[in-house]
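**Student:** Structure, please.
(chains A, B, C and D)
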Protein chains: 2
Amino acid sequence: MGKGEQTRQTILDEAFSLASCIGVGGLSIGVLADRTHMSKSGLFAHFGSKEELQLAVLRESQQRFAEVVVRPALRLPRGLGRLRAIVVNWLDWTKTCNLPGGCVINAAAAEFDDQPGPLRDEVRNALLALNRTLAATVAKAVETGELRADTDIEQFVFELNGIYQATQQRRRLFDDPDADRRALAAFDRLVRDHAVIHAKE
Amino acid sequence: MGKGEQTRQTILDEAFSLASCIGVGGLSIGVLADRTHMSKSGLFAHFGSKEELQLAVLRESQQRFAEVVVRPALRLPRGLGRLRAIVVNWLDWTKTCNLPGGCVINAAAAEFDDQPGPLRDEVRNALLALNRTLAATVAKAVETGELRADTDIEQFVFELNGIYQATQQRRRLFDDPDADRRALAAFDRLVRDHAVIHAKE
DNA sequence: GACACAAACGAACGATCGTTCTATAAAGTG
DNA sequence: CACTTTATAGAACGATCGTTCGTTTGTGTC
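**Tutor:** Below is the predicted model:
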C-alpha cells in the first residue's frame, strides 16, 4: 500500500468515528485536518471535495458493516440461527466497531432523507442492500421450514428495522440499559408469530 | 398579541418547517432572515442566541404534537380505540402539520443523542413525555380488559416506537407507498399478541 | 546523484456563520 | 400630540467554512 493510500485510510478512520458522533453532514475539513495533524489542503487533496469525503465515509461504513455484521453470520447454517446472529451482530455493531456515536448510515438516513443528491442516494442504496440481505435470510428460514410458508417477508424485514431503530434510540437518548433485552424480546415475539405450529404433546 | 409576539410566531413557523427539512441543527439565522424578509439582527433579537431559537422550535413542535396527535384522541373513550387513534394520528402527523421533511423532534433525536446540552435534554424530555403518554394509554387498555393484565407496558411502548421509526424511514428514504399499511399490520400484530383470549364459538 | 512524480504544506479567497453594536423606525401609552 | 418602550435595520466583528493556488517536501526509479 502506497503512502497515499495509507494516509487516506488514516483520514477515513478518523472521519468514520467522528461522523459517528456529529453526523456525516457535520464533518468539516478543518476539524478533520486538526485531528489527523495535517493541513486542510493536504487532507483535501485526497478527496477533491467534501462530498467525496462524505461518500467515502459512507462506503467505509458499508464495508465494515458487511464484515462485522453479515459475514460472521454466513458461517452459520441457513435458517433462524443465522437470522438471529445477524440481528444480534446488528444490534451490537456500534460497540464492535469504533462507533462511539451510533451507526453512521442510520444517522445519515435521517439527515439526508430530504435532501436529494449523491449522499442520499448512497444511504438509500446501503439500506436497500441491507433490507435485501435481511429478506434473503428470512426467506431461507422459510425454506428450512422454521418459519411459516405464508410469512410476509417484506413485513418481517420492516419490523426488524423497527426493532433496530427503537433499540438505538432507547440506548443512545434514554441510556436505557434494558434496550437490548427489549430488542430480543421483540425479536422473539416476531419469530414466534411466524413460526410453524408444532404438534402439542 | 403584541407586534413582538406576532413576528416571533412568524419566525417560528418558518423555522419549524425549515427545520423539518434540514434539521434543527441545520437552522441558520441568515437563511431564516431571508425567508422571513427580515434582517439577521432583527430576527436575532427575538431569541438572543441560536440555541434559544432551536429550543423554541423544539417546544413549538411539542405543542403542535400535543394538539394534533394526542388531544383529538382524548375525546375517544379510553381503551384500545383511543390507543389506535393516537398511533394513527402519530403516523400521519407529518402530513397533518406543515412538516415537509418529517418530524422535527425525531430527527433531532438522532442528531443530538451524542451531544450533551440543552438541546439534547429538550429532545429527551419530549420523547420521554411521549413515551409516558403512550404508556398511560396502553395501561388504560389493560384496565378496560382489552389487553391482558400481564402486558409488559414498557415493552409495548418500545415496539410502538419501533413501528413509528420504521414507517418514517420507509416513507422518507424509500418512498414506500406501503409504509402505512405495514405500520398498521405491525400494530395489529402487537395488539393481537396482547389481547385477552376470547372463548371460541 | 539526477530526475519524475506524488504528497503535503501555507497562504489566501469569497462566503457564511453567530453575535454585537449603534442608530432608526414603529408601536404602545398618557 | 408628546413620550417611552419596543422592534427592526445596517454595518461590522472574528471565526470557520470549502476550495484554489503555488510551492516545498518527500518518495521511488533510472
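
**Student:** only C-alpha atoms for contact and neighbour calcs from this point on.
**Tutor:** OK.

**Student:** and the nearest residue to A:Gln62 once chain neighbours are set aside, how many neighbours?
**Tutor:** Nearest residue to A:Gln62 in three dimensions, chain neighbours excluded: A:Ala126, at 6.7 Å (Cα to Cα, 6 or more residues apart in numbering or on different chains). By the criterion of other Cα atoms under 10 Å in any protein chain shown, A:Ala126 has 20 neighbours.

**Student:** Show me what counts as buried in the longest helix belonging to chain A.
**Tutor:** Determined from DSSP state H, the single longest helix within chain A is helix A:118-143. By 16 or more other Cα atoms under 10 Å in any protein chain shown, the buried positions in helix A:118-143 come out as A:119-124, A:126-127, A:130-131, A:134-135, A:137-142.

**Student:** swap in stretch A:67-78?
**Tutor:** A:Val68, A:Val69, A:Val70, A:Ala73, A:Arg78.

**Student:** near DNA strand C too, which of those?
**Tutor:** Residues of those in contact with DNA strand C (Cα under 7 Å from any atom of the strand): none.

**Student:** Can you flag which of those residues belong to helices?
**Tutor:** Going by DSSP H, the helices hold A:Ala73 from the buried residues of stretch A:67-78.

**Student:** Give me the residues contacting stretch A:58-75.
**Tutor:** In this structure, residues lying in contact with stretch A:58-75 by Cα atoms under 8 Å, 6 or more residues apart in numbering or on different chains are A:12, A:16, A:82-83, A:85-86, A:89-90, A:93, A:96-97, A:104-105, A:122-123, A:126.

**Student:** mean confidence score for that stretch?
**Tutor:** For stretch A:58-75, the mean pLDDT works out to 97.

**Student:** and it, how far from the chain's centre?
**Tutor:** Distance of stretch A:58-75 from the chain centroid (Cα atoms, centre = their mean, to the nearest Å) equals 8 Å.

**Student:** For that stretch, list the C-alpha coordinates in PDB.
**Tutor:** Taking Å, rounded to 0.1, in the frame of the first residue of the first chain, the C-alpha atoms of stretch A:58-75 are listed here in PDB:
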ATOM      1  CA  LEU A  58     -20.500   6.100   3.900                       C
ATOM      2  CA  ARG A  59     -18.800   3.500   1.700                       C
ATOM      3  CA  GLU A  60     -16.300   2.700   4.500                       C
ATOM      4  CA  SER A  61     -19.200   2.200   6.800                       C
ATOM      5  CA  GLN A  62     -20.900  -0.200   4.500                       C
ATOM      6  CA  GLN A  63     -17.800  -2.200   4.100                       C
ATOM      7  CA  ARG A  64     -17.300  -2.500   7.900                       C
ATOM      8  CA  PHE A  65     -20.900  -3.400   8.400                       C
ATOM      9  CA  ALA A  66     -20.700  -6.300   5.900                       C
ATOM     10  CA  GLU A  67     -17.500  -7.600   7.600                       C
ATOM     11  CA  VAL A  68     -18.700  -7.300  11.200                       C
ATOM     12  CA  VAL A  69     -22.400  -8.000  10.900                       C
ATOM     13  CA  VAL A  70     -23.200 -10.100   7.900                       C
ATOM     14  CA  ARG A  71     -20.100 -12.200   7.100                       C
ATOM     15  CA  PRO A  72     -19.600 -13.900  10.500                       C
ATOM     16  CA  ALA A  73     -23.300 -14.900  10.400                       C
ATOM     17  CA  LEU A  74     -22.800 -16.600   7.000                       C
ATOM     18  CA  ARG A  75     -20.700 -19.200   8.600                       C
END
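
**Student:** thinking again about what came up before, which elements pack onto the longest helix of chain A?
**Tutor:** helix A:50-65, helix A:80-96, helix A:104-112, helix A:153-174 (3 or more Cα pairs under 8 Å, 6 or more residues apart in numbering or on different chains; DSSP states H and E).

**Student:** Give me whichever of the ones you listed is most buried.
**Tutor:** helix A:104-112 (a mean of 23; mean count of other Cα atoms under 10 Å in any protein chain shown).
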